[in-house]
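**Student:** Let's see this in three dimensions:
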Amino acid sequence: MLVIPLQISPDAAFGASNGSSIPASQEGIGSLSEFLCDYLAADEQGAPRPIETGPFPQSVFYASAGTYNLSHTCNT
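**Tutor:** Numbering: from 1, shown residues only. Next up is the predicted model:
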């Protein structure tokens with residue numbers, strides 16, 4: 001999973017046509033965060049395991065605990 005920390009809005013970083021905003025409650029954001037953390041492979045200390053520097057400043061690829069399925073991709 002590619003994680004990109006931003007100091008500016010996603011629209012400013014990547015252009016408004018390259019993303020969309022979805023309103024979410026604090027509870028919803030917490031649930032999404034938990035879901036994403038559960039999908040990442042952990043290191044010996046239980047933290048997400050980085051595997052590679054990403055293509056953007058300070059971005060990182062993290063190992064996944066999931067498996068690839070051609071019929072269910074991130075765009076599904």
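**Student:** And the residue lying farthest from the centre of the chain, what's its pLDDT?
**Tutor:** Taking Cα atoms, centre = their mean as the measure, the residue most remote from the mean C-alpha position of the chain is residue 44, 20.8 Å away. What the model reports as pLDDT for residue 44 is 92.
**Student:** ditto for residue 19
**Tutor:** The pLDDT attached to residue 19 in the predicted structure is 83.
**Student:** ok, now which ones touch it?
**Tutor:** Taking Cβ atoms under 8 Å, 6 or more residues apart in numbering as the criterion, residue 19 is in contact with 10, 11. C-beta coordinates here come from the backbone N, C-alpha and C atoms, glycine included.
**Student:** Against residue 6, how distant is it?
**Tutor:** Look at residue 19 and residue 6: by Cβ to Cβ, to the nearest Å, they are 11 Å apart.
**Student:** Helices along this protein, start to end?
**Tutor:** Per DSSP state H, the chain carries helices over the ranges 10-14, 26-39.
**Student:** Residue 58 is nearest to which of the ones you listed?
**Tutor:** Counting by Cβ to Cβ, residue 58 lies closest to helix 10-14 out of the helices of the chain; the figure is 11.9 Å.
**Student:** what packs against that closest one?
**Tutor:** The helices and strands touching helix 10-14, judged by 3 or more Cβ pairs under 8 Å, 6 or more residues apart in numbering; DSSP states H and E, number zero.
**Student:** and stretch 31-39, average pLDDT?
**Tutor:** In this model, stretch 31-39 has an average pLDDT of 90.
**Student:** typo on my end, stretch 55-69
**Tutor:** Rounded mean pLDDT across stretch 55-69 is 89.
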